[in-house]
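**Q** can't give you the sequence, but here's the structure:
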């Protein structure tokens, strides 16, 4: 099968890790990855989606790379906004449309295919760890890395799960925001009440959740959680200066990527600063009361909102959770009981572009695309980068092949097919380039 | 069949008027009412649920009463909170549980059964108009009344759709709040966006709807729509004094009816004033973004909230809609487009307890229950009262047999069965009592 046929097969598996109903699909995706990696094995843990692990240590004296990807995907909803079904990969023009096309099946396949083309004998030592809970903030990977630090020892990690700054512009990502992810639950009366009879006396859970959200973030985009910005560390002046040279057109970004009447956010910061180097708070979903067609005049007894904060250096996720809970408690109106359940959290991470392995990556990209590599940050969170730094003491090479309009986490997610092939070429060149980098010379 | 068996049959019909899927059930309920009223007929209008009309004009020289009820019910959701299924009427103790048991099938049946017991020859002239869109703010009834004012001419209306102040306490309702009912629609980006990539720059529709709601009403229960309270007319000092003598225990009300940790609402007004004589704004439902199980880090592009205001004399619904729309526009954040669609509206209404027909009603209740009749208002809205006042120039006798814990519009709605029988007795006594009231002596 061609790599494109393989990609389609991979994309047809609805491996939605946040949904218990798709647990079997996640396992199928893990087994699919396993078949791609000779000698690989599944690492199981009760109640979790398997990890896939493989190692190719036949290059003594050479550095060791830890390759990471994920086979799970975001839920596809709202389904009605997809042009073609999310799990029937469809090619239109030079793009392939499907949930996970870019994030991260297409990019994980770049790693798998580059390895396959080495016929089991890559030029440097390779360890591969592919997980299935990246979109679900699952704990399997973290527990495994913490308890197998020796087995996973390497000189650097290689992760293809970020994007290029623009089409054709080779890009390394040197910083990721961290995050705190959770759900706000609000309760008022014992049950929904008639708003005519009780309106004016009974607490309204939907109003309460709205009032709490409004208290957490102003219409000016400023997060109002006391202490939220205290530990924020600004990017270096060199980094800020480099970002100003990137080809970024705010009007074009608003028109083609956002599609609203105006951008929002904190005054005094550029869009790149706001999305890469400033923390935010976003509400991802809200529900409460009567939401079916028609009208029902109830005072809702319960309401819920899914909320996350994106974090930057040097905000501490645990401290932010504490501040957030205090702010929620302070904003909770009389008669209402509120609770914030945390799903997961991770700190922000930054890597040093001067590291020899990052330089090797920059060269491989330049050779592949014929242009100098640019350095960006990403506003998203890849918790594994912080995990590898903390537990294994290694930097991550974030060599991404997504494009800004790939609709990550949204309807009509796509992957630009030329980037599939360029990605395989760039990773292959990178593995060759790393042979010239002084490593731990350890193998295992 | 006994009246109880008839009630069960009536309650088994899921005549949910707000749901197009239940249009056939609404028709079945209308036909059921028709069979109860000899000589009655359906009044049809395309796209609307039928009205049922009957007249018994065999008492020349006697006053004419217009009897009103409704056969439609509220949606039963959330279904999981019902002890027995909402459309399988179930008797527990002295209560019958079902959607519509009290509001308004049980009370409509009081009128139908009292008439049936007159064997087609009531002691006064009777016109009966039963509708099927009360819970849906439908326009059929209003259009019909406006165009058939002569046919519907009467001395007063009799409506059983309110409650007794307490069990065993005969009650007439002398005031109802009006209302404005609508839905707020909010749009931000063209589609849901990844909150990591766009968080800090893209507008969030869920946050916007929360911020707008928080701007419309404070946590102190005060509606912040500028001009909202301008036309509010306070109850008379006699009325306020009478309310203070009613058996009302705020702690008991909080514990048994509301079940929250505390009541809410405007400072400086009692619970009865807040729910009967003060206007409010309530949000009945909210939805936006990702609300399924799990977590999806999107910036939602759209969000919706169902909102109503309850109005008191002399607030003008059209003026309130205008003020509300202006307040929503003013509170709409940058990058967001908002719209408030109105479903329906009606002014508040009050009736004079000194009217001879209201005095006859008070006597009938006293004879039935053996206690003096008390006068209350209701916080709910029965738009037909205002309609009859405006178009027919007649007052409405609001003789209600619901109880405060009947769970109107909520799960486990019930009707106290002794009130079914007392209600039939009281209405029968009332019809006899009206023969002694000077009427228009018109019949038709």
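**A** Done, it's in. This is a predicted model, so every value here is computed, not measured.
**Q** Okay, and the residue of the stretch 301-444 of chain A at minimum distance from chain B sits in which element?
**A** Nearest residue of the stretch 301-444 of chain A to chain B, counting by CB to the nearest CB: residue A:380, 2.8 Å away. The way it works is simple: take the backbone N, C-alpha and C, and place the C-beta from them, glycine included. Secondary-structure element containing residue A:380, defined by DSSP states H and E: none, the residue being outside all helices and strands.
**Q** any idea how far residue B:191 is from residue A:78?
**A** Distance, residue A:78 to residue B:191, by CB to CB, to the nearest Å: 9 Å.
**Q** Identify the contacts common to those two.
**A** Where contact means CB atoms under 8 Å, 6 or more residues apart in numbering or on different chains, the residues bridging residue A:78 and residue B:191 through contact with each are residue A:411.
**Q** Give me the pLDDT value at the residue of the stretch 301-444 of chain A closest to chain B.
**A** Per-residue pLDDT puts residue A:380 at 86.
**Q** count of neighbours near it?
**A** Residue A:380 sits with 25 neighbouring residues when counted by other CB atoms under 10 Å in any protein chain shown.
**Q** Report the contact partners of the closest residue to it other than its chain neighbours.
**A** Sequence neighbours aside, residue B:196 is the residue nearest to residue A:380 in space, at 2.8 Å (criterion: CB to CB, 6 or more residues apart in numbering or on different chains). Under the criterion of CB under 8 Å, 6+ apart, the neighbours of residue B:196 are A:177, A:179, A:310, A:378, A:379, A:380, A:381, B:297.
**Q** how about residue A:308, phi and psi?
**A** Residue A:308 adopts backbone torsions of phi -140, psi 160, taken as degrees, to the nearest 10.
**Q** thinking again about what came up before, how much space separates the residue nearest to residue A:380 from residue A:363?
**A** Taking CB to CB as the measure, residue B:196 and residue A:363 are separated by 28 Å.
**Q** now swap in residue A:44 and tell me
**A** Counting by CB to CB, the gap from residue A:44 to residue A:363 is 39 Å.
**Q** Between those two, tell me which one has more neighbours.
**A** residue A:363 (17 against 12).
**Q** That one and residue A:372, how far apart?
**A** Spatial separation of residue A:363 from residue A:372 under the definition CB to CB is 10 Å.
**Q** do residue A:334 as well
**A** Applying CB to CB, one obtains 60 Å for the distance of residue A:334 from residue A:372.
**Q** between those two, which one's more packed in?
**A** For residue A:334 versus residue A:372, the count of surrounding residues by other CB under 10 Å is larger for residue A:334: 15 against 10.
**Q** if I read this right, that one contacts residue B:265, doesn't it?
**A** No - judged on CB atoms under 8 Å, residue A:334 makes no contact with residue B:265 at a distance of 9.4 Å.
**Q** where does residue A:440 land on pLDDT?
**A** The per-residue confidence score, pLDDT, reads 57 for residue A:440.
**Q** With residue A:443 instead?
**A** Note on residue A:443: pLDDT of 43.
**Q** Please identify the residues of the stretch 1-150 of chain A in proximity to chain B?
**A** When proximity is defined as CB under 8 Å from any CB of the partner chain, the stretch 1-150 of chain A approaches chain B at A:16, A:18, A:19, A:20, A:74, A:75, A:77, A:78, A:81, A:135, A:136, A:137.
**Q** would you turn the residues you listed into a markdown table with distance to residue A:127?
**A** Converted to a markdown table, those look like this (distance: CB to CB, whole Å):
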| residue | distance to residue A:127 |
| --- | --- |
| A:16 | 27 |
| A:18 | 27 |
| A:19 | 30 |
| A:20 | 30 |
| A:74 | 27 |
| A:75 | 30 |
| A:77 | 35 |
| A:78 | 39 |
| A:81 | 39 |
| A:135 | 23 |
| A:136 | 23 |
| A:137 | 23 |
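**Q** Which of those ranks first by neighbour count?
**A** Counting neighbours by other CB under 10 Å, residue A:16 comes out on top of the residues of the stretch 1-150 of chain A next to chain B with 28 neighbours.
**Q** is it true that that one touches residue A:73?
**A** Yes - between residue A:16 and residue A:73 there is a contact under CB under 8 Å: 6.0 Å.
**Q** what do the two both touch?
**A** When contacts are counted by CB under 8 Å, 6+ apart, residue A:16 and residue A:73 have A:99, A:135 as shared neighbours.
**Q** coming back round to it: you'd agree the residue of the stretch 301-444 of chain A closest to chain B is up against residue A:173?
**A** No - taking CB under 8 Å as the contact criterion, residue A:380 and residue A:173 are not neighbours in contact, 9.3 Å apart.
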